[in-house]
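Engineer: Have a look; sequence and predicted model below, questions after that.
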Amino acid sequence: MGPLLSGVRLGTHRVAAPEETWQRLVPLLPAVGITRVADVTGLDDIGVPVWQAVRPNSANLSVSQGKGITHELARVSAAMESFELHCAERPQLITRTASPSQLSSQLPYDWADLVLLDHHAMATGRPITWCQSENLLTGTTAWVPTESVVVDMTLRTRWVPPTVKTTSNGLASGNILEEATVHALLELMERHALALAREGAGLWSAAVEIRPGAWGAASAVLRRCRDAGAVVQVADVTGDLQVPAFAARIWSPSVPWWFAGSGAHLDADVALSRAVTEALQSRLTAVAGARDDLPVIRFDPAAEPPGRRARERVTTVDDLLGAYSAVPQTPSPRDLTTDLDHLLRLLSRRGHTVLRADLTNPSYGLPVVRLVVPGLRFDPKA
């Protein structure tokens, strides 16, 4: 296979333009239950594009968010997130029922390294449902708990043994299978880095106020934040996996609360821009009030932003990203095959197994995957 070069290079790396992806999505919206894809950017005064996709009969989240440095990217981001959640609700999987001990000789990993519930039943010998996945490091078939793949949060009419936490971590879609796989891996690595940062000195202990640099996607977003009078703090949380990862939080007088986001990518500018745009997306999600899974937030217009000491430490995008590489004036395309191989090697060298369940519905034609990497950390509060 030849190189799979990214066509979209600023703020993300995708093999197809967002307009092309949108044209593939539009006929699928009714089939997956998406009734509305809405622009909510105007509910904030910063102006970075944020969109929402509404799927009323969802078995998980009925409202999905999307962000980007352009409206086209944000619209596709929202719709694709809702689309992949639909595909993860009740996918067609090859399954079997067995206890962990019965499958132990067929598991290329220790089940204790999965993201387990606090009171799980994995060690009791109770039979649970497993589904087939592909071990991306060996090309062989492996079994994972179905609960680690399916994202169905509806109430059940019968008791099932508790196993793993139900999350969408590692769920991703894309224009091609490799693109979806790369983004799923990057999300898993991002959440791992955040969990480790929280366990250490604290996520924001070394945060610095960040200002725009000369060029790049992150600088473009930060200029809008600066013009709106917002304060943006960033913590470099790149950890043992050596993939650039950042956490960002934003506060402004117009919406006086800290909203956080994070991002990881082999392109450090993309990682930083994703962190800042996700913080803005979190902010607009709260302002829009369309999600009922958020904590209670009470704005105080008279309050000053906390963390004044952190604000005394100031840096620019160019200085922050200079530790990784200079921000180029024209971003180069990335070969997604090379990126995927590199990420797999990083994980393999640390003894991780990378498992992929292909959730692609052939009638839809857009790839959706769920990746499970036992041993990577996950903190739902991070």
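Structural biologist: Nice, I can see it. Numbers count the residues shown, from 1 in each chain.
Engineer: alpha carbons only for contacts and neighbour counts from here, please
Structural biologist: Fine.
Engineer: For L294, give me its contacts.
Structural biologist: A286 (C-alpha atoms under 8 Å, 6 or more residues apart in numbering).
Engineer: All further residue positions should be reported with the first residue as 41.
Structural biologist: Yes, from this point I'll number from 41; that puts the last item at L334.
Engineer: Helix, strand, or coil at it?
Structural biologist: coil (DSSP: H, G, I helix; E, B strand; the rest coil).
Engineer: Tell me the pLDDT of it.
Structural biologist: pLDDT recorded at L334 is 74.
Engineer: tell me the phi and psi of it?
Structural biologist: phi -90, psi 150 (degrees, to the nearest 10).
Engineer: mind checking how far it is from R95?
Structural biologist: L334 sits 18 Å away from R95, going by C-alpha to C-alpha, to the nearest Å.
Engineer: Equivalent analysis for G362, please.
Structural biologist: Taking C-alpha to C-alpha, one finds G362 at 42 Å from R95.
Engineer: One more: P407?
Structural biologist: Applying C-alpha to C-alpha, the value for P407 to R95 is 19 Å.
Engineer: For the two, work out which one has more neighbours and name it.
Structural biologist: More crowded of P407 and R95, by other C-alpha atoms under 10 Å: R95, with 25 against 22.
Engineer: what's near enough to touch the more buried one?
Structural biologist: For R95, the contact set (C-alpha under 8 Å, 6+ apart) comprises V72, G73, I74, T75, R76, L101, S102, V103, S122.
Engineer: any chance you could map the helices in the stretch 291-422 of the chain?
Structural biologist: Under the criterion DSSP state H, counting those that start in this stretch, helices of the stretch 291-422 of the chain are mapped to 308-328, 348-351, 357-361, 376-389.
Engineer: mind listing what's buried in the biggest helix by length in the chain?
Structural biologist: Longest helix in the chain by number of residues (criterion: DSSP state H): helix 217-239. By 16 or more other C-alpha atoms under 10 Å, the buried positions in helix 217-239 come out as 217-238.
Engineer: which residues touch it?
Structural biologist: So helix 217-239 is in contact with 54-55, 209-214, 243, 277-281, 283, 285, 287, 302-305, 376-377, 379-380, 383, 407-411, 413, 416-419, 422, going by C-alpha under 8 Å, 6+ apart.
Engineer: Kindly reformat the helices of the stretch 291-422 of the chain as CSV containing mean neighbour count.
Structural biologist: Putting the helices of the stretch 291-422 of the chain into CSV (neighbours: other C-alpha atoms under 10 Å) gives the following:
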stretch, mean neighbour count
helix 308-328, 25
helix 348-351, 14
helix 357-361, 20
helix 376-389, 16
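Engineer: Can you flag the weakest of these by average pLDDT?
Structural biologist: When I compare the helices of the stretch 291-422 of the chain, helix 348-351 is least confident, with a mean of 49.
Engineer: okay, how far is it across stretch 263-277, tip to tip?
Structural biologist: Length of stretch 263-277, first residue to last, C-alpha to C-alpha: 23 Å.
Engineer: For L177, list the residues it contacts.
Structural biologist: By C-alpha under 8 Å, 6+ apart, the residues touching L177 are L384, S388, T393, V394.
Engineer: Which pLDDT value does the model give it?
Structural biologist: L177 carries a pLDDT value of 97.
Engineer: that older thread, output the helices of the stretch 291-422 of the chain in TSV; the columns should cover distance to D153.
Structural biologist: Output for the helices of the stretch 291-422 of the chain, formatted as TSV (distance: least, C-alpha to C-alpha, whole Å):
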stretch	distance to D153
helix 308-328	26
helix 348-351	35
helix 357-361	33
helix 376-389	14
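Engineer: Quick one, grab the pLDDT at the residue lying closest to R331 once chain neighbours are set aside.
Structural biologist: Distance criterion C-alpha to C-alpha, 6 or more residues apart in numbering; nearest residue to R331, sequence neighbours excluded, is V103 at 6.6 Å. With respect to pLDDT, V103 scores 95.
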